[in-house]
Every structure is written in C-alpha cells, then in structure tokens.
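# Give me a 3D structure for the following:
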Amino acid sequence: MDNPARTAIFRRMDRDVLIVGGGLNGPALALALAGAGLTSAVIDARPARARAEAGFDGRAYALALASVRLLGAIGIWPALAPLAQPMLAVEAADARPGETPAPFGLQFLSAEIEEGPLGQMVEDRHLYAAFLQAMADSPAIDHHPGCTVTAQQAGAAGVTVTLADGRHLSGRMLVGADGRASGTAARAGITRTGWGYGQTALVAAIAHERPHGGTARQVFLPGGPLAILPLTGDRSSIVWSETDANAARIAALDDRAFLEVLRPRFGEALGPIALAGPRFTYPLGLTLADAYVADRLALVGDAAHGVHPIAGQGLNLGLRDVAALAETLVDAHRRGEDIGALTVLDRYQGWRRFDATTLALGMDGVNRLFATDNPLVRGARDLGMGLVQSIPALRRGFMRQAAGLSAPPGTRLPRLMDGRPL
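Below you'll find the predicted structure:
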C-alpha cells in the first residue's frame with residue numbers, strides 16, 4: 001500500500017517528466033516534450049553555466065544528419081548553424097605510424113546521397129550553451145542546476161525524487177540521462193553488462209596549416225583508431241585510441257613531445273600542426289543496461305548504452321533514444337494513456353533496444369577487427385573496405401547509416417529524426 005505522504009506528493013506533481021542528467025540528452029528530451037505540451041524538470045549535477053562559459057577545450061561532437069534535423073525540430077539548430085562545421089566527406093584507411101595508408105580504403109562523399117552534408121561538427125560549449133538558453137526560454141521546463149538525486153520512489157500514480165538539499169520533486173515518470181554510471185538505473189535495480197577495451201582515448205584540438213575541406217578521417221592504427229574531425233577554421237578535433245599503457249605514457253608528455261608522437265599518425269596532408277586547446281583522456285569500454293525501462297522509468301543515452309567512439313555515434317545514439325522516447329510519450333499522452341505505465345514504456349524499449357545494442361556490438365566488433373596488426377587480418381579487412389568502396393549501392397547504404405537516415409528492418413525513424421515536429 002502506498003505511503004499517504006508520498007501519495008500526497010504525487011497529487012501535486014511538479015512536472016510531467018523528471019529528467020536526471022543535464023548534459024545534452026536530458027535537455028534535448030525536455031525541449032522535445034515541451035514542443036508537444038508536456039512539462040519537465042531537468043536535474044543537473046553541474047553548475048548552471050560551467051560548460052557554456054568555459055573556453056574552448058577541444059571537445060566536439062560529430063552530429064549525424066538525422067541528429068541535426070532533430071535539433072532543428074526542437075528549435076536550437078538556427079543558433080548553432082553559424083558555429084558548426086559541415087562534414088562533406090568521410091575517409092577511412094588502415095595505416096601504421098609514419099607509413100602511407102593502405103591502398104584500399106573508404107571515401108564517402110555527401111554529394112552521393114543528395115541530402116546535404118553527412119553531418120555537422122559542433123563544439124561542446126556551443127551545443128550546451130544553446131540547450132541552456134532554450135531551457136531558460138521555455139516555461140514548460142524547470143532547470144535545477146547544481147543538484148543531485150539521492151533517492152527515488154515509484155508509486156501507482158507517479159514518481160518522486162529526493163534531492164541532496166532535502167527537496168522533493170514529483171512527476172508522472174522519471175528519465176535517467178545521467179551517463180554510464182547512472183545512479184537512476186542503479187536505484188531502480190537495473191543491472192549492466194559490459195567490459196573494458198584496455199584502451200584510453202586521448203582527445204585534443206589541433207590547428208593545422210592547410211584547410212581540411214570538411215573531411216573527417218578515421219585512421220586505423222595498430223594501437224587503436226585515430227579520428228581526425230574537422231572544426232571551424234583550420235582546426236580539427238582528434239580522438240586517438242591507444243592501449244592503456246601507451247596512452248598513459250603519451251598523456252604524461254609535454255605538449256611538444258606529444259605533437260612529435262602524434263605527427264606520424266596524423267599525417268602530412270594538413271601541413272604542420274599545433275595544439276589548439278588542452279588535452280585530456282578517458283578510458284574506453286562498453287556498457288549496456290540490461291533493461292531500458294522499469295516501473296515509471298526510462299533510460300536514454302549513455303545511461304542505456306555506453307559505446308566505443310570508433311564511429312562517433314555515442315551522442316547520435318542518445319539523440320535517437322530521445323526522439324523515440326519523446327514520440328512514445330507524446331503519442332500516449334494524446335491518447336489519454338498514463339505516460340509512466342510500463343505498457344507505454346515497453347514500446348520505447350522495443351523500438352530502441354535492438355537497434356542500439358546491435359550498433360554497440362557492431363562497433364565493438366570493428367574495434368576488435370582493426371586492433372590486430374596480423375598481416376592476414378589486415379589484408380582481409382582492407383579488401384573488405386575496397387569492396388564496399390567499389391560498389392556504389394553498398395557504399396551509399398553505409399553512408400545513409402552513418403548519417404542516421406536508416407532504421408533497422410521492421411522499424412522506422414522517429415519523426416524528430418526526419419526533422420518533423422511531434
């Protein structure tokens with residue numbers, strides 16, 4: 001039987017949806033719901049403007065075309081467009097440091113799919129600032145910065161969370177958008193499956209003498225992949241995966257020595273290079289929630305699936321979650337259903353779990369395939385890339401997948417991913 005005091009809290013619900021996590025997926029969900037008349041509270045552990053007001057730190061996201069369309073549908077892309085770098089081409093090749101890349105590689109050109117750029121590169125600080133301003137402008141969203149959740153309870157009519165300062169917030173359902181170590185998932189008893197890769201990502205922004213032409217490059221090296229992603233101006237963001245031991249040694253180098261190690265891997269195509277911001281690292285691993293939903297709860301983004309950055313799909317997967325969950329909740333609300341009912345939330349899980357898990361395991365497989373320097377394996381994978389490159393229909397299929405324009409068989413893209421409002 002429900003506690004009477006808790007039932008009283010549910011009767012005076014603060015918002016329709018409580019969202020734990022104020023990074024990127026949480027605000028995106030709040031804005032998507034607000035556009036369709038549902039209210040939300042975003043509980044953010046970080047201070048309000050810490051990331052928005054920070055100087056450039058090299059962090060940036062490769063937004064697939066479908067993600068850009070979602071940002072347009074929720075109203076924040078107009079503010080971001082002047083600050084974004086279009087990705088007009090993607091290249092991938094096998095290589096060893098200081099050597100010419102293998103002759104068989106991939107080249108995807110945006111003109112082939114006639115949908116515009118394959119995606120856009122946006123700096124973290126600009127993306128977060130746009131979300132922050134849009135939340136402030138929306139009367140349907142309460143933003144609670146600098147707050148952490150210490151407890152959560154679900155009942156027959158809704159859910160309530162307790163904040164570290166002793167306050168209670170209530171809503172019809174709860175969303176965990178609080179990352180790989182999701183406290184929301186843990187408090188709901190949702191377990192996780194995953195493993196580490198024995199790799200660490202080294203991240204930095206690099207200035208170079210020659211223009212990048214909007215080309216994103218993925219170089220598969222023996223220690224792990226190096227992504228070179230175009231930023232505005234003559235700058236690129238690198239995500240360089242190395243074994244933990246090598247990454248620790250490289251991270252300990254001063255800036256000059258770091259660049260000396262990077263140069264033979266980065267290549268000569270863009271001319272002399274220099275650091276354009278600070279360097280930082282993070283460990284790489286795979287973590288999958290064993291369920292995306294529980295009683296009056298749903299998970300999105302890294303709280304549901306933390307993946308390898310090999311294809312730059314982490315945020316794009318999260319935004320697809322956002323689009324699917326928002327559509328599920330809004331459609332249920334319009335039908336007069338209880339948006340927190342497990343029967344409703346199971347529709348979201350059925351829509352997203354197979355797609356996200358398949359992509360996560362696919363990226364895991366690609367990382368393992370390219371992590372070996374065995375000559376026979378190298379030859380086979382290079383021939384495979386050459387085969388994809390030589391068959392236009394197959395190549396365009398991969399391009400549409402990378403741009404987020406394809407849905408798994410038997411499903412469809414959420415409306416927001418097509419740029420359509422809810």
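
# Please tell me I have it right and residue 422 contacts residue 38.
No: using CB atoms under 8 Å as the test, residue 422 is too far from residue 38 to be in contact (9.4 Å). Every residue, glycine included, has its C-beta placed from N, CA and C.

# Common neighbours of those two, please.
Residues touching both residue 422 and residue 38 (CB atoms under 8 Å, 6 or more residues apart in numbering): residue 330.

# looking at this, residue 173 is in a strand?
Yes: judged by DSSP: H, G, I helix; E, B strand; the rest coil, residue 173 forms part of a strand.

# which residues sit in contact with it?
If a contact means CB under 8 Å, 6+ apart, then residue 173 has 16, 17, 18, 158, 159, 296, 297, 298, 329, 339, 340, 345 as its contacts.

# and it, bridged to which residues?
Taking DSSP bridges, one finds residue 17 as the beta-bridge partners of residue 173.

# List the ones among the contacts of residue 173 that fall in strands.
16, 17, 18, 159, 297, 298 (DSSP state E).

# before we move on, the earlier item: now, which of the contacts of residue 173 sits nearest residue 246?
Top of the list for closeness to residue 246, among these and by CB to CB, is residue 298 at 38.7 Å.

# Would you confirm that the closest one contacts residue 325?
Yes: Residue 298 is within contact range of residue 325, at 5.7 Å (criterion: CB under 8 Å).

# overlap in contacts of the two?
Common neighbours of residue 298 and residue 325 (CB under 8 Å, 6+ apart) are 175, 348.

# element containing residue 261, please.
When elements are assigned from DSSP states H and E, residue 261 belongs to helix 255-266.

# Tabulate the contacts of residue 173 (CSV), appending distance to residue 128, pLDDT and neighbour count.
Below are the contacts of residue 173 laid out as CSV (distance: CB to CB, whole Å; pLDDT from 0 to 100; neighbours: other CB atoms under 10 Å):
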residue, distance to residue 128, pLDDT, neighbour count
16, 24, 97, 21
17, 20, 98, 27
18, 20, 98, 30
158, 29, 96, 24
159, 26, 97, 25
296, 28, 98, 26
297, 25, 98, 25
298, 23, 98, 32
329, 24, 98, 29
339, 27, 97, 22
340, 28, 97, 25
345, 28, 98, 23
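
# Quick one: list the elements packing against the helix holding residue 261.
With contacts defined as 3 or more CB pairs under 8 Å, 6 or more residues apart in numbering; DSSP states H and E, the packing partners of helix 255-266 are strand 192-208, strand 224-231, strand 235-243, strand 273-275.

# Run the chain-centre distance for the last one.
Taking the mean C-alpha point of strand 273-275 and that of its whole chain, the gap between them comes to 26 Å (CA atoms, centre = their mean, to the nearest Å).

# That strand - what's its average pLDDT?
Averaged over strand 273-275, pLDDT sits at 97.

# who's in contact with residue 395?
Neighbours of residue 395 in contact, by CB under 8 Å, 6+ apart: 106, 108, 112, 388, 389.

# Go again with 7 Å.
Residue 395 sits next to 108, 388, 389 when contact means CB atoms under 7 Å, 6 or more residues apart in numbering.

# now the first one, what's its secondary structure?
Reducing the assignment to helix, strand or coil with three-state DSSP, the entry for residue 108 is strand.

# Quick one: classify the nearest residue to residue 32 once chain neighbours are set aside as helix, strand or coil.
The shortest distance from residue 32 to any non-neighbouring residue, by CB to CB, 6 or more residues apart in numbering, is to residue 326 (3.8 Å). Following three-state DSSP, the label given to residue 326 is helix.

# buried set for the lengthiest helix in the chain?
Looking across the chain with DSSP state H, the single longest helix is helix 342-371. Going by neighbour count (16 or more other CB atoms under 10 Å), the buried part of helix 342-371 is 344-345, 347-349, 351-353, 355-357, 359-360, 362-364, 366-367, 370-371.

# Also stretch 271-283?
Neighbour counts using 16+ other CB under 10 Å place 273, 275, 276, 277, 279, 281 of stretch 271-283 among the buried residues.

# Return the member of these nearest to residue 181.
Checking the buried residues of stretch 271-283 against residue 181 by CB to CB gives residue 281 as the nearest, at 17.3 Å.

# Could you pull up the contacting residues of that closest one?
Going by CB under 7 Å, 6+ apart, residue 281 touches 200, 201, 202, 203, 247, 251.

# any idea of the pLDDT on it?
94.

# Neighbouring strands of the helix or strand where it lies in the sheet, and parallel or not?
Counting by DSSP H and E, the element that carries residue 281 is strand 280-289. Sheet pairing for strand 280-289, assigned by DSSP bridges, gives strand 192-208 (antiparallel), strand 305-306 (antiparallel).

# how about JSON lines for these, with mean pLDDT added?
Output for the strands paired with strand 280-289, formatted as JSON lines (pLDDT from 0 to 100):
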{"stretch": "strand 192-208", "mean pLDDT": "93"}
{"stretch": "strand 305-306", "mean pLDDT": "92"}
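
# Between those strands, which one is closest to residue 64.
Residue 64 lies closest to strand 305-306 among the strands paired with strand 280-289, at 15.9 Å (CB to CB).

# related to what we said a few turns ago, which one of the contacts of residue 395 has the most neighbours?
For the contacts of residue 395, the largest neighbour count, defined by other CB atoms under 10 Å, is 24 neighbours, found at residue 108.

# On the strand side of things, show who it bridges to.
Here residue 108, judged by DSSP bridges, has bridge partners residue 90.

# so who does it touch?
With CB under 7 Å, 6+ apart, residue 108 has these contacts: 89, 90, 118, 395, 399, 402.

# What spatial separation is found between it and residue 218?
According to CB to CB, to the nearest Å, residue 108 stands 11 Å off from residue 218.

# Tell me the pLDDT of the residue nearest the centre of the chain.
Taking CA atoms, centre = their mean, the centroid of the chain lies closest to residue 315, which sits 1.0 Å from it. Predicted confidence (pLDDT) for residue 315: 93.

# Nearest residue to residue 253 in space, please, no chain neighbours.
Nearest non-adjacent residue to residue 253, counting by CB to CB, 6+ apart: residue 261, 6.8 Å away.
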